Structures are given as structure tokens and as C-alpha cells.
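S.K.: Would you be able to build a 3D model of this:
(one chain, ligands or ions: 2)
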Amino acid sequence: MTSQPSPQLWIYDTTLRDGAQREGLSLSLEDKLRIARQLDQLGVPFIEGGWPGANPKDVQFFWQIKEAPLAQAEVVAFCFTRRPGRTAATDPMLQPLLAAGTHWVTIVGKSWDLHVTEGLKTTLAENLAMIQDTIAYLRSQERRVIYDAEHWFDGYKHNPDYAIETLETAIAAGAEWLVLCDTNGGTLPHEISQIVREVKQRLRERRVAQNADFHAPLPPLGIHTHNDTEMAVANAIAAVMEGAQMVQGTINGYGERCGNANLCSLIPNLQLKLGYSCLPPEKLTTLTQLSRYVSEVVNLAPDDHAPYVGLSAFAHKGGLHVSAVERNPITYEHIQPELVGNNRRIVISDQAGLSNILAKARSLGIELDPQDPTYRQILQHLKNLEHEGYQFEAAEASFELLMREALGQRQPPFELKSWQVHYHMMPDTDPSQSLSLATVKLAVDGQDILEAAEGNGPVSALDTALRKALVNFYPEIESFYLTDYKVRILDGGSGTSAKTRVLIESSNGYQRWTTVGVSTNILQASYQAVVEGLEYGLLLQHQAKVPLTTST
Ligand SMILES: CC(=O)SCCNC(=O)CCNC(=O)[C@H](O)C(C)(C)COP(=O)(O)OP(=O)(O)OC[C@H]1O[C@@H](n2cnc3c(N)ncnc32)[C@H](O)[C@@H]1OP(=O)(O)O
Ligand SMILES: CC(=O)C(=O)O
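M.R.: Ligands and ions are numbered 1, 2, ... in the order given. From the prediction side, this is the model:
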């Protein structure tokens, strides 16, 4: 039996145009070029680069792409129809569009009569003329045209005959794709299905009415959805199930208001669940990397809980889940994480069972004997510490140290004898000018060291004093730095004597690790997290990471 080839869908990415309409997201020219090249590598066939003429950056983007073309993707330039009362050939917006020099252009036009009369302040007939004139002019200039029917679904609900007429006009003028847009994002999947079905039927019926062949091909339909009802992905899928062949969306769902259809969810849904061909399968495995790359470039924290590509998308925390996943991953995973370039993670917390400990140990390179009572003891110790306020799911470095200690394989690089911090604040002075002084007394290999350092806060003074004391013994400490410092009050009801949790993220420039400290004294909690951060960094750096072994 021969298998059917997967039906092809055309992915149209609009991260660089509609994605950039998200509040709080701003792309430089360099950012746009970098993202375009990554999308090209991913195998996305259409990349909407921007609106040439709307701003200088978008004009430059297309120049740069002309200088150094992409490997495979079509870069598309976006624009609206000519304005009322002009001709396309003389409309100032269409000249920069042509100057962008792309093969494909996308023209957005009005479908909703209300928008024509209220938004454009023109007549329904003039709107049809704007669509016709603009597309025909661009065709005469040898451009291929994708027609974005703005507010399609709202327009169709209010005045279906007029909405259909706008599409007929776009077809007659030479549009090669008709993209139905849920611009306000308020449509639900069942409405999308019904309207797309009706549109196909009505376009065919009009052909018959015009004595044309009912079966003669119509331009294929596309879908462009917004997420105002959290339905953008579902709505795009509903349209595809009714025959839409182009799917517009953005990486990580960035976009105006609540965003656009998230391609990082949509593509795997279409390809892995519904059997459509969107990207080469080997490219799909780079989707997670691309999602994180784009969030890095746009400087927005990645959504850890994003389906498919989020850090937690395949993270297992509950002991029962981990136990089952260890036996067979499909028990709690809907796909293999590797298919989208993600990976399984086991989270350590008070929700853990022995399976979490064993799995975490394995990820550290140790095969444990499940019968060894030490692991039950580690689990109990972990649960007791979490009860006191520790949080190990965010501090895996501290958990590894805890596990090494329980296995008798922790070798602290120094012994603390004592430490003190003084905070010096003069009345009426700028707090940023105040100074803290820390002194630490340590022993390394039996040698006592006394060191002091100043800092603009007590934690920074303590951190600096520790480093000064240790740097002669461990010069690599100079490459360590703190990348994040988070404080959480655990029992606010206790006022100033509340218990505090401090999480510290450290880095050596190419690895990051997080440690935790808990105390009623914020300095003690910070000290604990700082010291474990230094110890873990040394463990990594020295490769003194002696493989752990079972103690039995
Ligand atoms: C659904 C979408 O996401 S569409 C894309 C929306 N994206 C953006 O708007 C971002 C880029 N936009 C811009 O930089 C600017 O808005 C520009 C350069 C396009 C236009 O700027 P301006 O000329 O100052 O106009 P403004 O932003 O106030 O928009 C209103 C004008 O657009 C016209 N207009 C709106 N939609 C259309 C359309 N589909 N076809 C033709 N003209 C339109 C209005 O009639 C109005 O024209 P008027 O000022 O002559 O009455
Ligand atoms: C074209 C577009 O971005 C929209 O209608 O939402």
C-alpha cells in the first residue's frame, strides 16, 4: 500500500510586521535581519518583512535583503490599498512598496462595510475600486499579490454579500491568495469553520452565475487570526480543516493586543497531529531553539509554559508522573519532545517521589540502586527543607550539592569560620552612596584567611570579600558573576522577623546555575546561596565533578 503524501501548507510568518505591533516589542534593523535569516533557515516559505514606506527601518530592511538575499524564503512587503480618491499609480504608499523589490506583496483591504464608511469615510463602491486598482497596478508592475481581507469574519457576519464582492474584486484584479483575517480576534472556531465553508461555496456559485466553470480553480485561501479570545491557533486550524492552505502567524504569538496565532504551537499541531507538511521534518526539530532565539532578540522573557517549546512543556514534577514517564514517556507526554527540539526535564520539589530523585541522579551521571535507603533519606530531607521554605526546582545546583553531601561526596572548597557585615549610612546622603563592609574568616586546606571588602550593599560586600579570600586558591573565581538575585518573603505575617528565601543565579560566562538559601536573616540566606554558588561554580570549573556513585 502506498502512503498518501502529506498535504502541503504554506507558512507565512508575520513576526517582523504584525509581531512588531505588540506593545513593548521593538525591533532594530539588525534584529529584523537576524530573525529573517533564522526563519529562512527554519524553512518558512513566506516571511513578511515589514511595510516599506511606513518607517525608514522597514525601507532599509528590504534594501539589505536585496543586498544579501535569503536562501529559500520569499520576503514579502506589506501595504494597504491606495487611499480613496487617488489612483494606485500616484499613491505615495505604493511607490516604496515597489521599490522594496520583492516578488510578492501583501495588500490589506477592507471587507467590512462599517470600516469603509466609518474608517475610510468613503463609499462601498470606492473601496472596491481601491482594491481593484491597487492589485491590478501591482500586477502590471509584475508583482505577485497576496490579498489580506481585513476584518473578514466580522465583515462577512454584517454584510456577507459585500464582503464576498471584495474578494471577487481581488480575484478579478489578479490576487493569487485570499487571506481571511480575523483582525479583531473575536471569532470562535465553529464560526470560522462555517464561514470558510460558505465562502468557498459562494465564490463557486458566483462563478456559475457568471457562466464560468464551477470547478475552475479559485485562488487558494489563507487564514490570519488574532488571539483576543485565546482562539488564534484553534481558529487557524479550523480554517485549515476547511481547506485554507496558507497559515499566517508569528513566532511566540507576538502581535497587536493579545497577539497573533503562535506558529510555535500551530506548526507542530498541523504537522505532527494533523499530518500536514509545513516544514521539513528535520527543521521542525529546531523550532524550540528558534522560539528562544527570537525571544532573546526581542528581549522578552520566554514563556516557560508555552506548549511544545517552553522550558516546562515536558517538565515532570509530580512523583507519580515521573515514575510513569521513567517507565514509558508516552504516559505523560503527548509527543516526543525531541520532535520539536525540546527535552524532558525532571523537577525536584516536595511533590517528588523516589522516581524524581533517581531520574535526577541519572541526569547527573549516576545510576542509583533504588533499594539503597540513602535515596529515601535524600527524598525525606528534600521534603523537610522544602517545608522550611527551600525551593529546589529553581535551584538545581543546591540540590546537587545536597545529594553529593548525602552520598558522602561533597568536598567544600573552604571552611567558614565567621563573617560580619556592617552597613554605614550617613543621614541625608544618597542611599546609593552608602557603603557596606564585610569581613570573612575562612580556612582553605588548613590555612586561615581573613579578608574584608566594601560593596554598595551588604550582599555585594560579602560576595566580594569571599572572592578576595578565595581568589589566590581558586583563580577561576574571577570569571564568576551573579546574574540574578531574587528575594521572597515566606511568611509575611511575621513582619520584619519573617523567613526569607534567596535564589541566586551565577554564571561563569557559558554556564548558569542557581542556588538557594533560607533564613529569618536575609543576610544569612544570601550568604548561604552565595557560598553554594561559588562552591558549585568551582565544582563545574574544576571538573572536580567526580561522577557520583551509589554508596552501597
Ligand atoms: C490589521 C493591520 O494590522 S493593518 C497594519 C496596521 N499597521 C500599522 O498601522 C503600522 C504602520 N503604520 C504606519 O506607519 C502609519 O499608520 C502609515 C504610514 C501606514 C499611515 O500613516 P498616516 O498617513 O499618518 O495615517 P494614519 O496612521 O492616521 O491612518 C489613517 C489613514 O489610513 C487610511 N487607511 C486605513 N486603512 C486603509 C486601507 N485599507 N486602504 C487605504 N487607506 C487606508 C485611512 O483612510 C486614513 O487616511 P486619511 O488620513 O487620508 O484619512
Ligand atoms: C492584516 C492583518 O494584520 C489583520 O487583518 O489582522
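S.K.: CA only for contacts and neighbour counts going forward, please
M.R.: Noted.
S.K.: The residue of the chain most remote from its centre: helix or strand, and which one exactly?
M.R.: Of all residues in the chain, Asn211 has its C-alpha farthest from the mean position, at 50.1 Å, by Cα atoms, centre = their mean. Assignment of secondary structure by DSSP states H and E places Asn211 within no helix or strand.
S.K.: Find the nearest non-adjacent residue to whatever residue of the stretch 301-450 of the chain ends up closest to ligand 2, please.
M.R.: The stretch 301-450 of the chain approaches ligand 2 most closely through Ala306 (22.4 Å), counting by Cα to the nearest ligand atom. Counting by Cα to Cα, 6 or more residues apart in numbering, Ala313 is the residue found nearest to Ala306 once chain neighbours are left out, at 6.4 Å.
S.K.: I figured that neighbour hits Thr288, correct?
M.R.: No: counting by Cα atoms under 8 Å, no contact exists between Ala313 and Thr288, whose distance comes to 10.5 Å.
S.K.: what bits of this protein have low per-residue confidence?
M.R.: 1-3, 425-434, 492-497, 543-552 (pLDDT under 70).
S.K.: Domains in it, by residue range?
M.R.: Residue ranges for each domain of the chain read 15-297, 315-388, 415-543, as given by automatic domain parsing.
S.K.: about what we covered before: next, give phi and psi for the residue nearest to Ala306.
M.R.: phi -60, psi -30 (degrees, to the nearest 10).
S.K.: Can you classify Lys119 as helix, strand or coil?
M.R.: For residue 119 the amino acid is Gly, not Lys. At Gly119, secondary structure determined by DSSP: H, G, I helix; E, B strand; the rest coil is helix.
S.K.: ok, now how distant is it from Asp113?
M.R.: In this structure, Gly119 and Asp113 are 9 Å apart, going by Cα to Cα, to the nearest Å.
S.K.: now the closest residue to Thr117 other than its chain neighbours: how far from Trp419?
M.R.: What sits nearest to Thr117 in space, not counting adjacent residues and going by Cα to Cα, 6+ apart, is Thr123, at 6.1 Å. When Cα to Cα is the yardstick, Thr123 and Trp419 sit 79 Å from each other.
S.K.: Number of residues surrounding Gln411?
M.R.: Neighbouring residues of Gln411 were enumerated by other Cα atoms under 10 Å; the total is 12.
S.K.: repeat for Gly24
M.R.: With neighbours defined by other Cα under 10 Å, the count for Gly24 comes to 9.
S.K.: Now for the residue of the stretch 251-400 of the chain found nearest ligand 1: which residues touch it?
M.R.: Distances from the stretch 251-400 of the chain to ligand 1, computed as Cα to the nearest ligand atom, single out Glu256 as the nearest residue at 7.5 Å. With contact taken as Cα atoms under 8 Å, 6 or more residues apart in numbering, Glu256 is in contact with 18-23.
S.K.: hmm, which of the residues you listed are the buried ones?
M.R.: Buried members of the contacts of Glu256, counted by 16 or more other Cα atoms under 10 Å: 18-22.
S.K.: Point out the residues in this protein that sit beside ligand 1.
M.R.: If contacts are counted using Cα under 6 Å from any ligand atom, the residues of the chain sitting beside ligand 1 are 54, 80-83, 108-110, 120, 183.
S.K.: Rebuild these as CSV, extending it with distance to ligand 2.
M.R.: Formatted as CSV, the entries for the residues of the chain next to ligand 1 read as follows, by distance: Cα to the nearest ligand atom, whole Å:
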residue, distance to ligand 2
Ala54, 14
Phe80, 9
Thr81, 12
Arg82, 15
Arg83, 16
Val108, 6
Gly109, 8
Lys110, 9
Leu120, 15
Thr183, 4
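S.K.: Mind giving me the PyMOL select for those, buried ones only?
M.R.: In PyMOL, this line selects whichever of these come out buried by 16+ other Cα under 10 Å:
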select buried, resi 80+81+82+83+108+109+110+120+183
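S.K.: For whichever residue of the stretch 151-300 of the chain sits closest to ligand 1, what are phi and psi?
M.R.: Of all residues in the stretch 151-300 of the chain, Thr183 sits closest to ligand 1, with a separation of 5.8 Å (Cα to the nearest ligand atom). Note on Thr183: backbone dihedrals following degrees, to the nearest 10 are phi -60, psi -40.
S.K.: ok, it touching Trp152?
M.R.: Yes: in this structure, Thr183 is within contact of Trp152 by Cα under 8 Å, at 7.5 Å.
S.K.: What distance do you get for the residue of the stretch 251-400 of the chain closest to ligand 1 to Asn299?
M.R.: Glu256 sits 17 Å away from Asn299, going by Cα to Cα.
S.K.: re the thing from before, ok, Gly119 and Asp113, which is more surrounded?
M.R.: Neighbours were tallied for Gly119 and for Asp113 using other Cα under 10 Å; the higher tally belongs to Asp113 (23 against 11).
S.K.: which ones are touching that one?
M.R.: With contact taken as Cα under 8 Å, 6+ apart, Asp113 is in contact with 124, 155, 158-159, 162-163.
S.K.: wait, which of these is closest to Ile35?
M.R.: Looking at the contacts of Asp113 and their distance to Ile35, the nearest is Gly155, at 33.4 Å (Cα to Cα).
S.K.: in which helix or strand would I find the closest one?
M.R.: Using DSSP H and E, Gly155 sits in helix 152-158.
S.K.: In contact with the nearest residue to Thr134 once chain neighbours are set aside, which residues are there?
M.R.: Once its chain neighbours are removed from consideration, Thr134 has its nearest residue in Ala88; the separation is 5.2 Å (Cα to Cα, 6+ apart). By Cα under 8 Å, 6+ apart, Ala88 lies in contact with 81-82, 94, 130, 133-134, 137.
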